[in-house]
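[1] Need coordinates for the below:
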Amino acid sequence: MALTSRLDLRQSQSLVMTPQMQQAIKLLQMSNLELAAFIETELEQNPLLVREDSEAAAGSESPAETQAASSEGGEGGGGDDDVEPPDSADMAVAERLGDSDEAPLDTDYENSWEGEDRSMVMGLAAPARAGDGGSFDDGGNRLEQTLERPISLRDHLLAQLEMDCDDPADRLIGRRLIDLVDEAGYLAGDLAPLAEALGCGLERVERTLALLHRFDPPGIFARDLRECLALQLGDRNRLDPAMQALVDNLDLLAKRDAPALRKLCGVDEDDLAEMVAEIRALNPKPGLAFDMAVAHPVTPDVLMWAQNGGWVIELNHETLPRVLFDASYHARVSRGARDRHERDYIAECYQSANWLVRALHQRATTILRVATEIVRQQDAFFTHGVHSLRPLVLRDIAEEVELHESTVSRVTANKYIATPRGIFELKYFFGQAIAGSGGQPEHSAESVRHRIRALIDAESRKAVLSDDGIAEILRSEGVDIARRTVAKYRESLRIPSSQQRRREKTMSL
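    Coordinates of the predicted model:
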């Protein structure tokens, strides 16, 4: 057979994912704070987008921004009048080639929103910024601007070094040792390379280190946990031979091996309990008192509260930005375009602004629908507590709100809801189901873990529950669970075994 070349023309259809469709998927996964940062970037790049003032935003809420869920079943959930959010089955694939009019996020603005004001609004009140409530150049000094910066561990140690060390060589060695201290207060690294780098003897470095061991906080510059505890006990004048033996055998203390510790320390049971209590009162990481990282509170994306026997669900007004399409400015710059490049740039900004406004509206509608359905199905949890948490999977929510499971997964990722029982991640309400015994309904794995912790917290020293005992109690309460499952849940809660708990209770007397 001879090989020949030929040219064929074929017509076919394929599904593609446009960049805008990919960005819409990413928007669903963003939290409100991440979304605010994304919109700030868009506002800087697109001159056709403007941020609406908080005062104007407060009086014009979109009907898609608030929904109510009845305590008996939840009536809210996004009616047919709302803009339909993009299903993940549609978002996973884009519009057909040559059929862009049917694309949910790539259609022309005028074709999709005929008869409506082009200044489409999405979001809630603009997030609070540093200048809200007063200008930076108003000459007033705020209280937080006059507060002193917290002193760091390094500054604290350097100040003591300048006061307690007169020898310039020791000061130089001390500064290098301070540079080796980690955030917990431990000395990281070997002294021999340091001595070689400084051109001095190892004995000189160790002598300087002994001076630094007397610095505040007690236990600083320790090379391991044993030395850290010994330094703190020495500062309290409590490092006697018995206590030294206890510190030298921390592995036995971790195993709660009281008989071996009593033999090594030469003390009775009461004295050992007092020594263990002293060890527990020490600080294993003294440096964290200075360089502790600031814990930022979780900002909820959805708010929920009780009203008239039901639940009201709303997007967080404080974190959602409010964006407008500036139609008047678009008309001015369109008339003033001088060449094709300027017209193309304006058209590109026009498309981007149109897409962003509608994508944000769809995102808000989708989040509210999913959150409302979660609240409806977990109504018993909000009413009675964690023991009433029912097993729930993504498919259950997806079927009710008529979305794809992957869309529900993206909506619940990195999203938090503030409820009367606290702030929870939306993922918290999904969990594995554990079968009920004797024809009883299924139980949520989270509620079973809560029950295991409650049983262990209530046990006494003389009646420490084993995994078999806990499993037997749960089976009597209608939970069909095996001993190995109890052990797995106990370990996930970081609860030691019954033998270790018995030893710990014995040593705590």
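[2] so where's the longest helix in the protein?
    Across the chain, the longest stretch assigned as helix under DSSP state H is helix 340-377.
[3] Pull out the buried positions in it.
    Neighbour-count burial for helix 340-377 flags 346, 349-377 (criterion: 16 or more other Cβ atoms under 10 Å). From N, CA and C alone the C-beta is placed, and that goes for glycine too.
[4] Also stretch 181-190?
    For stretch 181-190, burial by neighbour count (16+ other Cβ under 10 Å) applies to 181, 184, 185, 186, 187.
[5] first to last residue in it, what's the distance?
    End-to-end distance of stretch 181-190 (Cα to Cα, to the nearest Å): 12 Å.
[6] residues making contact with that stretch?
    153-154, 157, 177, 180, 209, 217, 219-224, 228, 285-288, 291 (Cβ atoms under 8 Å, 6 or more residues apart in numbering).
[7] Of the residues you listed, which belong to helices?
    Short answer: those in helices (DSSP H) are 153, 154, 157, 177, 209, 228.
[8] what bridges to residue 431?
    Taking DSSP bridges as the rule, residue 431 bridges to residue 392.
[9] Could you give the number of residues near residue 276?
    By other Cβ atoms under 10 Å, the residues close to residue 276 number 19.
[10] tell me which element it is part of?
    Element membership of residue 276, judged by DSSP states H and E, is helix 269-280.
[11] Could you list every helix and strand in contact with the strand or helix carrying residue 244?
    For residue 244, the host element (DSSP H and E) is helix 241-247. Counting by 3 or more Cβ pairs under 8 Å, 6 or more residues apart in numbering; DSSP states H and E, the packing neighbours recorded for helix 241-247 are helix 225-235, helix 258-265, helix 269-280.
[12] for the helix or strand just after it, the distance to its chain's centre please.
    For helix 241-247, the following helix or strand on the C-terminal side (DSSP H and E) is helix 250-254. Averaging C-alpha positions (Cα atoms, centre = their mean, to the nearest Å) puts helix 250-254 34 Å from its chain's average.
[13] in helix 250-254, what counts as buried?
    252, 253.
[14] which residues sit against that helix?
    Residues contacting helix 250-254 (Cβ under 8 Å, 6+ apart): 225, 226, 229, 246, 260, 261, 264, 276, 279.
[15] so residue 423 makes contact with residue 298?
    Yes: Residue 423 lies in contact with residue 298 (Cβ atoms under 8 Å); the separation is 5.5 Å.
[16] Quickly list what's touching both of these two.
    Any residue near both residue 423 and residue 298 by Cβ under 8 Å, 6+ apart counts here, and that gives residue 416.
[17] Please convert the buried members of the contacts of stretch 181-190 into PyMOL selection syntax.
    To isolate the buried ones among these in PyMOL, judged by 16+ other Cβ under 10 Å, type:
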select buried, resi 153+157+177+209+217+219+220+221+222+228+286+287+291
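[18] quick revisit: which one among the contacts of helix 250-254 gets closest to residue 320?
    residue 225 (46.9 Å; Cβ to Cβ).
[19] From residue 186, how far out is the closest one?
    Separation of residue 225 from residue 186 (Cβ to Cβ, to the nearest Å) stands at 9 Å.
[20] same check, this time on residue 40
    The value you get for residue 40 to residue 186, if Cβ to Cβ is used, is 40 Å.
[21] where are the low-confidence patches of the protein?
    The model of the chain has pLDDT under 70 over residues 1-2, 53-149, 291-295, 437-439, 507-509.
[22] Strands along that one, start to end?
    Ranges of strands in the chain, per DSSP state E, are 49-51, 66-70, 121-122, 302-307, 310-315, 323-325, 416-419, 422-425, 433-434, 443-444.
[23] which one of these lies closest to residue 496?
    Nearest of the strands of the chain (Cβ to Cβ): strand 433-434, 23.0 Å.
[24] hang on, the earlier thing: quick one: list the elements packing against the helix holding residue 276.
    helix 241-247, helix 258-265, helix 498-507.
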